[in-house]
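In: Provide a 3D model corresponding to the input given below.
(one chain, ligands or ions: 1)
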Amino acid sequence: MSGSGELENLDRIFDKLAVEDQIQVKRILYGTNVKSLDLPEAKDIAKTYNIEIAGYHFMGKSEHLRAPRLVRIGAFQNKLPLPPTTPITDQRNALYKLAENAISIAAQAKVNIFCFQEAWNMPFAFCTREKQPWCEYAESAESGPTTKFLQELARQHNMVIINSILERDEIHGDVMWNTSVVIDNHGDVLGKHRKNHIPRVGDFNESMYYMEGNTGHPVFETEFGKIAINICYGRHHPLNWLMFGINGAEIVFNPSATIGNLSEPLWGIEARNAAIANGYFTVAINRVGTEVYPMEDTLKNFGHFYGSNYVTAPDGSRTPGFSRTKDGLLVAEFDLNTCRQVRDHWGFQMTQRLDLYARSLQNAIKPDFVPQIIRK
Ligand SMILES: NC(=O)NCCC(=O)O
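Out: Numbers count the residues shown, from 1 in each chain. Take a look at the predicted model:
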């Protein structure tokens, strides 16, 4: 347990087992081709910044005709450094300092693609359903302060950075979106994706802050591989994952903000299943900590954001989950050639019958649709 009374790490419970049991349990749960990756220099810096770090390597198979396409990703999870009600400029500056530290650790770890959690540059205040001051955090995806700040770091470290923010489109009526901006390793904005599915569950009723995304399922071709972003609640929608795969994604990031009482039993399943079903790598990233908001003369605690970042390969093997309570950078290295190798092995894409489902779905959306139930 941590000082907050929260379990520090779910997967480390297995370390309490006898060694021979641990080996069996980890083989069954994680698969056999994930090894830890030594990151000595990055570990030293991480320690000075009080940020946890863990590294993993997915072992790939060599091919006759294609050279390996190794890539290293960094998945950063963090708490708010200051209470949610801190004036915006101070909160943002503290978050920028934390981000700068995390990215410098990632650079030491030779990370090529770095991804933050959802709405990383602000308190997760959507659950308050108050507009002020939270909407003031919204900013332009292309030219807002957070994108500008990260463009410089991306250039400096030759790193692709995925920047998930509350976007304000000032040109089109100040409309807000929940957006991931992809900044390439030269510091240019390659594009953006707007969250497709808005949660309407419990306190996560975010529909009054931003609109359903209108960017489809873009895949961004970077120098380090073809990537896509499925933002938080979109992970509950298998067709959302499917479309990123159809558009050619090799890695799909899932920047999230979700709490234990709501979703923790689902967490280890959805991104993992998506990797298996769609033949790509998935990277699940979640916020950390407990954010307490003053509301109507009381304090509202929305629950514990449980971190637990993890990475899954197309064959279903995965890293252990990261800390439930601490700021941390999960680094994973893998060969993108694995995607095709697993597709060839299992044939899920070859057998998926998109034509059949396209016809069935065309019928299912008709107002006079009758479910295909055979009765006696
Ligand atoms: N931010 C967000 O979409 N949260 C919804 C909760 C969940 O999907 O677990």
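In: near the ligand, which residues of the protein are found?
Out: By CB under 6 Å from any ligand atom, the residues of the chain that approach the ligand are E118, P199, F204, C232, Y233, A257, T258, L262, S263. In short, each C-beta sits where N, CA and C put it, glycine included.
In: which of the residues you listed count as buried?
Out: Among the residues of the chain next to the ligand, those buried by neighbour count (16 or more other CB atoms under 10 Å) are E118, P199, F204, C232, Y233, A257, T258, L262, S263.
In: let's see which of those end up in helices.
Out: Among these, the ones falling in helices (DSSP state H) are L262, S263.
In: which of the buried ones among the residues of the chain next to the ligand fall within strands?
Out: Assigned to strands by DSSP state E, the following of these qualify: F204.
In: mind putting the buried ones among the residues of the chain next to the ligand into JSON lines with pLDDT?
Out: Shown next, in JSON lines, are those (pLDDT from 0 to 100):
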{"residue": "E118", "pLDDT": "98"}
{"residue": "P199", "pLDDT": "97"}
{"residue": "F204", "pLDDT": "91"}
{"residue": "C232", "pLDDT": "98"}
{"residue": "Y233", "pLDDT": "98"}
{"residue": "A257", "pLDDT": "98"}
{"residue": "T258", "pLDDT": "98"}
{"residue": "L262", "pLDDT": "96"}
{"residue": "S263", "pLDDT": "97"}
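In: okay if I get the buried ones among the residues of the chain next to the ligand as a markdown table plus distance to T319?
Out: Below are these laid out as a markdown table (distance: CB to CB, whole Å):
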| residue | distance to T319 |
| --- | --- |
| E118 | 20 |
| P199 | 26 |
| F204 | 26 |
| C232 | 20 |
| Y233 | 23 |
| A257 | 20 |
| T258 | 19 |
| L262 | 23 |
| S263 | 19 |
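In: and the furthest pair within the buried ones among the residues of the chain next to the ligand?
Out: Greatest spatial distance among those (CB to CB): E118 and L262, at 14.1 Å.
In: now do the contacts for the closest residue to L10 other than its chain neighbours.
Out: Spatial nearest neighbour of L10, chain neighbours left out: G321 (5.5 Å); criterion: CB to CB, 6 or more residues apart in numbering. Residues near G321 by CB atoms under 8 Å, 6 or more residues apart in numbering: N9, L10, D11, W267, G268, S308, N309, Y310.
In: ok, the third one - contacts?
Out: Contact analysis of D11 by CB under 8 Å, 6+ apart lists P320, G321.
In: about what we covered before: do you know how far the residue nearest to L10 is from A94?
Out: The gap separating G321 from A94 is 26 Å, by CB to CB, to the nearest Å.
In: how about G216?
Out: G216 is 35 Å from A94, by CB to CB.
In: repeat for L80
Out: 8 Å.
In: and if you look at G202?
Out: 28 Å.
In: which single residue in the stretch 1-150 of the chain comes nearest to the ligand?
Out: E118 (5.5 Å; CB to the nearest ligand atom).
In: can you give me the strands for the stretch 1-150 of the chain?
Out: Taking DSSP state E, counting those that start in this stretch, the strands of the stretch 1-150 of the chain run over residues 34-36, 52-58, 70-77, 113-115.
In: okay, how far is it across stretch 55-64, tip to tip?
Out: 28 Å (CA to CA, to the nearest Å).
In: got the contact list for M211?
Out: With CB under 8 Å, 6+ apart, M211 has these contacts: V175, M176, W177, R194, I198.
In: quick check, the third one in a strand?
Out: Which is W177. Yes - looking at W177 with DSSP: H, G, I helix; E, B strand; the rest coil, it is inside a strand.
In: render the CA-only coordinates of the helix ranked longest in the chain in CSV, please.
Out: In the chain, assigned by DSSP H, the helix with the most residues is helix 88-108. Listed next in CSV are the C-alpha coordinates belonging to helix 88-108 (Å, rounded to 0.1, in the frame of the first residue of the first chain):
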residue,chain,number,x,y,z
ILE,A,88,-4.0,28.4,-14.3
THR,A,89,-0.6,29.9,-15.1
ASP,A,90,1.0,28.4,-12.0
GLN,A,91,-0.6,25.0,-12.6
ARG,A,92,0.5,25.0,-16.3
ASN,A,93,4.0,26.0,-15.5
ALA,A,94,4.3,23.3,-12.9
LEU,A,95,3.0,20.7,-15.4
TYR,A,96,5.4,22.1,-18.1
LYS,A,97,8.3,21.6,-15.7
LEU,A,98,7.2,18.1,-15.0
ALA,A,99,6.9,17.4,-18.7
GLU,A,100,10.3,18.8,-19.5
ASN,A,101,11.8,16.5,-16.8
ALA,A,102,9.9,13.5,-18.1
ILE,A,103,10.9,14.2,-21.7
SER,A,104,14.6,14.6,-20.8
ILE,A,105,14.4,11.2,-19.1
ALA,A,106,12.8,9.8,-22.2
ALA,A,107,15.6,11.3,-24.3
GLN,A,108,18.2,9.5,-22.1
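In: show me where pLDDT drops low in the stretch 151-300 of the chain?
Out: Of all residues in the stretch 151-300 of the chain, none has pLDDT under 70.
In: let's have the contacts of M211 in a markdown table, adding neighbour count.
Out: Output for these, formatted as a markdown table (neighbours: other CB atoms under 10 Å):
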| residue | neighbour count |
| --- | --- |
| V175 | 14 |
| M176 | 19 |
| W177 | 22 |
| R194 | 22 |
| I198 | 21 |
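In: out of these, which is nearest to the ligand?
Out: The ligand lies nearest to I198 out of these, by CB to the nearest ligand atom, at 7.4 Å.
In: hey, where'd the helices end up in this protein?
Out: Ranges of helices in the chain, per DSSP H, are 19-30, 40-49, 88-108, 145-157, 238-246, 260-278, 337-346, 354-364.
In: can you list the buried residues in stretch 194-208?
Out: R194, K195, N196, H197, I198, P199, D203, F204, E206.
In: and the furthest pair within the residues you listed?
Out: It's R194 and D203 that sit farthest apart of these, by CB to CB, at 22.1 Å.
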